[in-house]
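# no sequence on this one, just coordinates:
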DNA sequence: CTGTTAGCGCGTTCAG
DNA sequence: CTGAACGCGCTAACAG
């Protein structure tokens, strides 16, 4: 960056003090004569004056940027959340500093640190790492935090939660009501509360009807962009190899469900005629494939908006404003689930 | 944020000058005795010292954040680019300030302004707006800019470009070589160089073979998350209503192609048996559907990385380092294109 | 090796 | 209504 004009430069040109210039250009309510106001504005415009927020923020100790930490932006689930956050931030003149943690606790902590150093006013975080000690320390040091998706054991943290258990339950009930009895659940490692929640919902709905649970859990923890999809494929393969084919497969998220359907097709099975598939998340792409994916909707965009609003509230009203909200699931009925046995004899 | 400890606080506790503390804590190469170093570090740790980068940046006039402006993060094409940018930024200790312009020129300019005010060191921008005067002004004022996807008429701007024309040509040639003669092109408004490029590639390949072009261009410019998809659907509908069904449809991007396939299915037509479909972009989801989408790959992630690297180069070596790169397309052959006429009589 | 001083760009007392 | 003086947290020049 080049050296830019400062309020002092303008003050010299306008032959006034820099204090007056500051009062005018920062739209202060402080009384300044109309003529001086006009004169100063004119000169400022002419010379493309751009305020240096660093100076202002250093002086007033109030930055206008909030940090957002999520696992990865290329996952539509998260990008949609970010969009919600940014929307609200923008309306309130805040900027968004974005970081992808890639599910890496170390990276997450590193980002937390730089954000703190850069004086972000608060943080919206979808943390995955189990170890929250670092985060908790920052909170104790005064950082305002809204946690998405994952409970954090600390006071003064706002939480945006989602009733995963209920979602899992609803989805399973729907399959049961459609007449399915052999319903399998395929999932990424059950190492997070969210995934555990869905799983528990599935189990309780099955138990309730005296049905046998059929579960496939992947063990790999390696992270990559298409991890979920591959997971869906391999878990489905394992399911089909067992010989006793389920009539419905419920996946822990939509991406995994796409993998399930892809593998079914590859094995010559049709969805939903041969096997019904239920997803979880409600990302846009579910609508775009054939069959359109029946799934449980999480209001991601709204979650982002809500999280940002909660953060802004904490910022303006102090930490007592910390609160918790539990969002509710909705069933998105589309085309990937039908009644079972429509083609039972076809294989 | 609470009042945090400063180097002065530490200086007082360690009974040294704040200059010494600064030299130690900022890992300066300046000579300080080992004992003092240790003592100061100890105290700093004990009191959770966090440097205030605002002070540092104000003094040294070097911020470590770069701005990224893209139309919308929920489009995988862009989120993938951002991921590439962030990856490189992180490796070089830079932060990323993210903004969604939503294709809104006004918003874009507003973001440009706040970024400037917040002293970002440079900007990576995928600008859509035709009016680049504001951007050009900032460049003239010394801002370092890398433009993605869209040419900017100014000196000292680095450009990451993609050979859209060639991509469009390659895709069309591939369809022709598969034996197609009635190849339709469906596209969002041809109001950007990128879209025009693909279109021209299509036209030139068709002309070359003496084939008749069949084009459907949407006129709506309203923006929404599923705009492209809906576009694909409605343009396909219009194409089918004409009675003279093409054997292949080439879409201006993958999302539109998804809409094409969805509409075909809805009308009882199969892809690729009845109609082949070719996309453009190569987003991950193309692999996840059945049939997997045949498409032209843009190396989005690499484009992001490249853009960020070019920016860093400009920052370190001065504006002369401004450069331009034209990336090349690759054909991603998957399952949505086959030879025509495989089921010509079935309808 | 260490301390003193000055100032980055800005806002804010406190006098006038 | 206006200006002089000070300081936010930090680094850099200059002494010692």
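Thanks, I have the structure now. In this text, all values refer to a predicted model and were calculated from it rather than measured experimentally.
# what residues does chain A have near DNA strand D?
A:15-20, A:30-33, A:35-36, A:55, A:58-59, A:61 (C-beta under 7 Å from any atom of the strand). Placement of C-beta: from N, CA and C, glycine included.
# now, the most widely separated pair of those residues?
Distance extremes for the residues of chain A next to DNA strand D: the farthest pair is A:35 and A:61 at 33.2 Å, using C-beta to C-beta.
# from the stretch 151-300 of chain A, which residue is nearest to DNA strand D?
Closest contact between the stretch 151-300 of chain A and DNA strand D, by C-beta to the nearest atom of the strand, is at residue A:156 (21.5 Å).
# and what of the stretch 51-200 of chain A?
residue A:59 (3.6 Å).
# phi first, then psi, for that residue.
Here is the backbone geometry of residue A:59 (degrees, to the nearest 10): phi -70, psi -50.
# give me the number of residues near the residue of the stretch 51-200 of chain A found nearest DNA strand C?
With C-beta to the nearest atom of the strand as the measure, residue A:55 is the residue of the stretch 51-200 of chain A nearest to DNA strand C, at 2.9 Å. By the measure other C-beta atoms under 10 Å in any protein chain shown, the count of residues near residue A:55 is 14.
# how about it, what does it touch?
residue B:58 (C-beta atoms under 8 Å, 6 or more residues apart in numbering or on different chains).
# go again using 10 Å as the cut-off
A:6, A:7, B:54, B:58, B:119 (C-beta atoms under 10 Å, 6 or more residues apart in numbering or on different chains).
# got a pLDDT number for the second one?
The confidence metric pLDDT takes the value 95 at residue A:7.
# and it, what are its phi and psi?
The phi and psi values for residue A:7, taken as degrees, to the nearest 10, are phi -60, psi -30.
# need the nearest residue in space to it, chain neighbours excluded.
Excluding its sequence neighbours, the residue lying closest to residue A:7 (C-beta to C-beta, 6 or more residues apart in numbering or on different chains) is residue A:21, at 4.4 Å.
# helices and strands around the strand or helix carrying the one you found, which ones?
For residue A:21, the element it lies in under DSSP states H and E is helix A:18-25. When contacts are defined as 3 or more C-beta pairs under 10 Å, 6 or more residues apart in numbering or on different chains; DSSP states H and E, helix A:18-25 sits against helix A:7-14, helix A:34-46.
# on that earlier part again, higher neighbour count, residue A:35 and residue A:61?
Ranked by neighbour count (other C-beta under 10 Å), residue A:35 and residue A:61 place residue A:61 first, with 12 against 8.
# surely that one touches residue A:119?
Yes: in terms of C-beta atoms under 10 Å, residue A:61 counts as a neighbour of residue A:119; the distance is 8.2 Å.
# hmm, back to that, which residues touch the residue of the stretch 51-200 of chain A closest to DNA strand D?
Counted by C-beta under 10 Å, 6+ apart, residue A:59 has contacts A:22, B:54, B:58.
# most neighbours among these, which one?
residue B:54 (22 neighbours).
# for the closest residue to that residue other than its chain neighbours, give its distance to residue A:270.
Distance criterion C-beta to C-beta, 6+ apart; nearest residue to residue B:54, sequence neighbours excluded, is residue A:58 at 4.6 Å. To residue A:270, residue A:58 is 64 Å away according to C-beta to C-beta, to the nearest Å.
# same check on residue A:169?
Applying C-beta to C-beta to residue A:169 and residue A:270 gives a distance of 27 Å.
# more neighbours: the two, which one.
residue A:169 (23 against 15).
# any idea which helix or strand comes after the helix or strand containing that one?
In this structure, residue A:169 sits in helix A:164-177 according to DSSP H and E. Using DSSP H and E, the helix or strand that follows helix A:164-177 in sequence is strand A:183-187.
# give me the three-state assignment for the closest residue to chain B within the stretch 101-250 of chain A.
Across the stretch 101-250 of chain A, no residue is closer to chain B than residue A:142, which sits at 3.3 Å (C-beta to the nearest C-beta). Using DSSP: H, G, I helix; E, B strand; the rest coil, the structure places residue A:142 in coil.
# do the same with residue A:68
On the basis of three-state DSSP, residue A:68 is classed as strand.
# what are the phi and psi angles of residue A:214?
Taking degrees, to the nearest 10 as the convention, residue A:214 sits at phi -130, psi 110.
# tell me who's in contact with it.
Applying C-beta under 10 Å, 6+ apart, the residues near residue A:214 are A:182-186, A:206, A:239, A:242, A:244, A:246, A:248-250.
# next: residue A:49.
Contacts of residue A:49 (C-beta under 10 Å, 6+ apart): A:4, A:5, A:6, A:7, A:9, A:10, A:21, A:25, A:40, A:41, A:43.
# OK, contacts around the fourth one?
What it means is residue A:7. Taking C-beta under 10 Å, 6+ apart, we find residue A:7 in contact with A:17-26, A:40, A:44, A:49, A:51-52, A:55.
# can you tell me how far it is from chain B?
13 Å (C-beta to the nearest C-beta, to the nearest Å).
# same question for the second one.
Applying C-beta to the nearest C-beta, the value for residue A:5 to chain B is 10 Å.
# and the last one, by the same measure?
Distance, residue A:43 to chain B, by C-beta to the nearest C-beta: 17 Å.
# could you tell me how many residues sit around that residue?
Residue A:43: 19 neighbours (other C-beta under 10 Å).
# tell me the secondary structure at the closest residue to residue A:136 other than its chain neighbours.
Once flanking residues are discounted, residue A:136 sits nearest to residue A:154: 4.7 Å by C-beta to C-beta, 6+ apart. For residue A:154, the assignment made with three-state DSSP gives coil.
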